[in-house]
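[1] need a structure here:
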Amino acid sequence: MLLYKYRGIQGFRFFTDIILKNRLYAAPYFDLNDPMEGRYLYSQSDGKIDEDMARVLKGEKDKIRVCSLSRDPNNELMWSHYAEGHKGVAIGVEINSPKYTVRPIIYDGLHRIGRNNFNAGSAIDILSHKLDVWEYEAEERIFTPNKQYVDVEIKQIICGSRMSTQDKGFITELVEKINPSIEIINARTNSAYV
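    Model (predicted):
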């Protein structure tokens, strides 16, 4: 299954790094754009927070890095928010290593945790839940323990519907020289012409 990373191309060095090195950046959870990232609801019958559990969870979350991708290559909001208003790209990748934990985001609000469901995977469980306002992202997350990059196999580059002819030509030429097996296509637009 292809997953997509929406990117602008103004920071061309970052785009080139992805193509040259077949990798995507994985951020610490606190650098992600959702201010509720990594938060959870504590659920215990006595209502008292288990301080040891909270400390362990914080430590575990701090060790994890996250690469956020989308299952949807044609999402108008994603193109607008993450690909410079349709002037960037969506990079279709396959995750080529079993060493990563890949999870779809569950859009049901903050994860509820207590002593009854606390385990070694609780930090990833917490980071796999988001508020429903983010549902449009159709997000899949790749989790990696303290590794700054996730190795990927790039299969496709979708050029945004508002990308300039010069940028499209440059990207096409660059990709053909680095890896001609990568498919380059134009984004579909759902907009009606007036």
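[2] who's in contact with the lengthiest strand in the chain?
    The residue-count maximum for a strand in the chain (DSSP state E) belongs to strand 149-159. Contacts to strand 149-159, defined as C-beta atoms under 8 Å, 6 or more residues apart in numbering, come from residues 2, 4, 18-19, 21-26, 67, 73, 89-97, 100, 142, 144, 167-168, 171, 175, 179, 182-187. For the C-beta atoms, the positions are set from N, CA and C on the backbone; glycine is no exception.
[3] can you tell me the strand partners of it and which way each runs?
    Counting by DSSP bridges, the strands paired with strand 149-159 are strand 23-25 (antiparallel), strand 89-95 (antiparallel), strand 183-186 (parallel).
[4] so the residue positioned nearest the centre of the chain, which of the three states?
    Geometric centre of the chain, nearest residue: residue 68, 1.0 Å, by C-alpha atoms, centre = their mean. What DSSP: H, G, I helix; E, B strand; the rest coil gives for residue 68 is strand.
[5] from memory it sits against residue 138, does it?
    No - with contact defined as C-beta atoms under 8 Å, residue 68 does not count as touching residue 138 (10.8 Å).
[6] now a PyMOL select for only the buried ones of the contacts of strand 149-159.
    Command for PyMOL that selects the buried part of the contacts of strand 149-159, burial taken from 16 or more other C-beta atoms under 10 Å:
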select buried, resi 2+4+18+19+22+23+24+26+67+73+89+90+91+92+93+95+100+142+144+167+168+171+175+182+187
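[7] ranges for the strands of the chain?
    Ranges of strands within the chain are 3-7, 23-25, 27-28, 40-42, 64-70, 89-95, 101-104, 111-113, 139-145, 149-159, 183-186, based on DSSP E.
[8] select, out of these, the one closest to residue 128.
    Closest of the strands of the chain to residue 128 is strand 101-104, at 4.6 Å (criterion: C-beta to C-beta).
[9] which secondary structure elements does that closest one contact?
    strand 139-145 (3 or more C-beta pairs under 8 Å, 6 or more residues apart in numbering; DSSP states H and E).
[10] tell me the bridge partners for residue 104.
    Counting by DSSP bridges, residue 104 forms beta bridges with residue 140.
[11] what residues are up against it?
    Applying C-beta under 8 Å, 6+ apart, the residues contacting residue 104 are 71, 128, 139, 140, 141.
[12] list the contacts for residue 21?
    residue 149.
[13] separation between it and residue 105?
    Residue 21 sits 26 Å away from residue 105, going by C-beta to C-beta, to the nearest Å.
[14] cool, thanks, talk later.
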